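J.: need coordinates for the following:
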Amino acid sequence: MTNIAQLHTDSIWFHHNVDRRKTDEYAIHCHHLYEIFYYIDGDVSYLVEGVKYTPEPHSLLLISPNVFHGVKVESDRPYERFALHFESSVLPAEARALLLSPFHEASAPEDIYYTGADRFGLREYFEQLIACAELGADMLELSLRLRLGALLSQLLHMSRTIHRDSDEQRPRQTVDRIIGYLNAHIAEEITLDELSARFFISKHHLNKVFRDATGTTVGNYVIHKRVVLARQLMMKGESASAAALNAGFGHYSSFFRAYRNIYGHAPTVSGGAAL
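T.: Numbering: from 1, shown residues only. All right, here's what the predicted structure looks like:
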């Protein structure tokens, strides 16, 4: 390992390192510090609580205290990164919870990993930490604390910006997945409880985002799809009762009512006599 830069106090440790040797396994460990890894280049993977991350250049990974994690160098290609470790006590008490919120508000694996950190100038904040090496010992601790606070403030801005943009896309993505599932299982029994559990979304929120995206409810969508499917089966020669059953209607009477509500007449192929 080559240390390009290294700074440390009793509560802040910062390294700019390059590794050039492949490792055979993850060096898993766990401790009480907060950590930020800024990946610059190399062929590596990180393992955090069983989740594997393969970073892109200028990506950033957050590690909270007491989380098992490790890195494996996958080849002899030089692996370069910034690594910052610190104790929460170095931050001002009144700002601590806010500055550390990107670590603690993560609800999914992707919430601790950020690509494109260079778009937010994060590398420059790490380089400002390196510049502290030119300061005297009497100023080092104070300067590191101030620049750490600035880095975390910019990290918070990046986190909120990225998650806001992601949150705007997630409802549509969720609805697309739900629609795909409904279409693949339209003839099977489908309940809101099942969809809620499968897509990790409350029934109330599920109905809301589905209606916002499609203009109708999940139940109405399913009924219309089943009626269309039954009509297609009837056009292929199935009787109305068989088509209703094969399209997912448990009772012919419910199919009859749905068909008449949608088409305005009894189940037929062409609008003529009922089948």
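
J.: for the chain, just list every one of the helices.
T.: Secondary structure of the chain by DSSP state H: the helices cover 93-99, 101-104, 122-131, 137-184, 192-199, 203-214, 218-235, 240-246, 252-263.

J.: pick the most deeply packed of these.
T.: Of all the helices of the chain, helix 240-246 has the most neighbours on average by mean count of other Cβ atoms under 10 Å, namely a mean of 19. All C-beta atoms are positioned from the backbone trio N, CA, C, and that covers glycine.

J.: send me it as PDB with only the CA atoms.
T.: Output of helix 240-246 as PDB, limited to C-alpha atoms (Å, rounded to 0.1, in the frame of the first residue of the first chain):
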ATOM      1  CA  ALA A 240     -68.600 -17.500 -21.900                       C
ATOM      2  CA  SER A 241     -68.500 -19.500 -18.600                       C
ATOM      3  CA  ALA A 242     -65.200 -21.200 -19.500                       C
ATOM      4  CA  ALA A 243     -63.700 -17.900 -20.600                       C
ATOM      5  CA  ALA A 244     -64.800 -16.200 -17.400                       C
ATOM      6  CA  LEU A 245     -63.200 -19.000 -15.300                       C
ATOM      7  CA  ASN A 246     -60.000 -19.000 -17.300                       C
END
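
J.: which outside residues touch it?
T.: The contact list for helix 240-246 (Cβ atoms under 8 Å, 6 or more residues apart in numbering) reads 187, 229-231, 233-234, 238, 252, 255-256, 267, 274-275.

J.: setting aside sequence neighbours, what's the nearest residue to residue 101?
T.: residue 156 (6.6 Å; Cβ to Cβ, 6 or more residues apart in numbering).

J.: wait, what's in contact with the one you found?
T.: Listed by Cβ under 8 Å, 6+ apart, the contact set of residue 156 reads 98, 99, 101, 102.

J.: now tabulate these in CSV and tack on distance to residue 19 and pLDDT.
T.: Conversion of the contacts of residue 156 to CSV gives the following (distance: Cβ to Cβ, whole Å; pLDDT from 0 to 100):
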residue, distance to residue 19, pLDDT
98, 34, 94
99, 29, 95
101, 31, 93
102, 26, 93
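
J.: just give me the closest of these to residue 79.
T.: Comparing the contacts of residue 156 against residue 79 with Cβ to Cβ places residue 102 closest, at 24.2 Å.

J.: do you know how far the closest one is from residue 253?
T.: Residue 102 sits 55 Å away from residue 253, taking Cβ to Cβ, to the nearest Å as the criterion.
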